[in-house]
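**Q** Here is a sequence with its predicted model. Questions after.
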Amino acid sequence: QKEVEQDPGPLSVPEGAIVSLNCTYSNSAFQYFMWYRQYSRKGPELLMYTYSSGNKEDGRFTAQVDKSSKYISLFIRDSQPSDSATYLCAMTGRTGGYQKVTFGTGTKLQVIP
Amino acid sequence: GAGVSQTPSNKVTEKGKYVELRCDPISGHTALYWYRQSLGQGPEFLIYFQGTGAADDSGLPNDRFFAVRPEGSVSTLKIQRTERGDSAVYLCASSPQGEDTDTQYFGPGTRLTVL
């Protein structure tokens, strides 16, 4: 079993829809949770970062962490065609001062105009 | 400013050959990471450098893989006796100091194809 599970999709939604992306994890040592966006043939770029349970909002994006359930989510409101990309959840624990990040497999999102 | 750059962007080689992949991190970043991303998968950690030294190479799959960062800036990932299973996108990332809460900035990757 992988440490981080993520539904690979693909997920196809109409423009303006609310998108929900999710990951579960098994390692209780994970303390920092991230969402990356990766466009085709590009490197991942960091979207959201949180280290506590609860919600964190940034514009149209909301990251949610539930450590008790080992479950994290990313919500995208008013989705746009430019949001079409692969979304990777990622997490890391304390490793003595550096990030050893474990990624999910990524969910491919397509927003249809 | 310039981001992380990687060269070449694509590399096609034959089974058994040696390849070198280069990463130029963001200037001033002391931490550098290599990842491997296979088709349909997320990036997998390979190795972490803090300055010139490899602080964690636990992700290197076997002794055919080796990486260096001799002057604490540019890094080279070296793969000997390549196998078809090595085909993947190799991503490099850098961060200011490598701390838990740092942001890692990724390059565009080198797409390696082993025929």
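**A** Arrived safely, thanks for sending. Numbering: from 1, shown residues only, chains lettered A, B, ... in the order given.
**Q** Can you pull up the most central residue in chain B?
**A** Per Cα atoms, centre = their mean, the C-alpha nearest to the average position across chain B is that of B:W34, at 3.2 Å.
**Q** which residues touch the nearest residue to B:G42 once chain neighbours are set aside?
**A** Nearest non-adjacent residue to B:G42, counting by Cβ to Cβ, 6 or more residues apart in numbering or on different chains: A:F103, 3.1 Å away. The C-beta positions use only the backbone N, C-alpha and C, and glycine is treated the same way. Contacts for A:F103 (Cβ atoms under 8 Å, 6 or more residues apart in numbering or on different chains) come out as A:V4, A:Y36, A:L88, A:C89, A:A90, B:G42, B:P43, B:E44.
**Q** Tell me the one of these nearest A:S20?
**A** Nearest to A:S20 among those, counting by Cβ to Cβ, is A:C89 at 12.4 Å.
**Q** any idea what sits nearest that closest one, other than its immediate chain neighbours?
**A** Closest to A:C89 by Cβ to Cβ, 6+ apart is A:C23, at 3.7 Å.
**Q** The lowest-mean-pLDDT helix or strand in chain B - contacts with which helices or strands?
**A** The weakest-scoring helix or strand in chain B, judged by mean pLDDT, DSSP states H and E, is strand B:53-56 (a mean of 91). With contacts taken as 3 or more Cβ pairs under 8 Å, 6 or more residues apart in numbering or on different chains; DSSP states H and E, strand B:53-56 sits against strand B:44-50.
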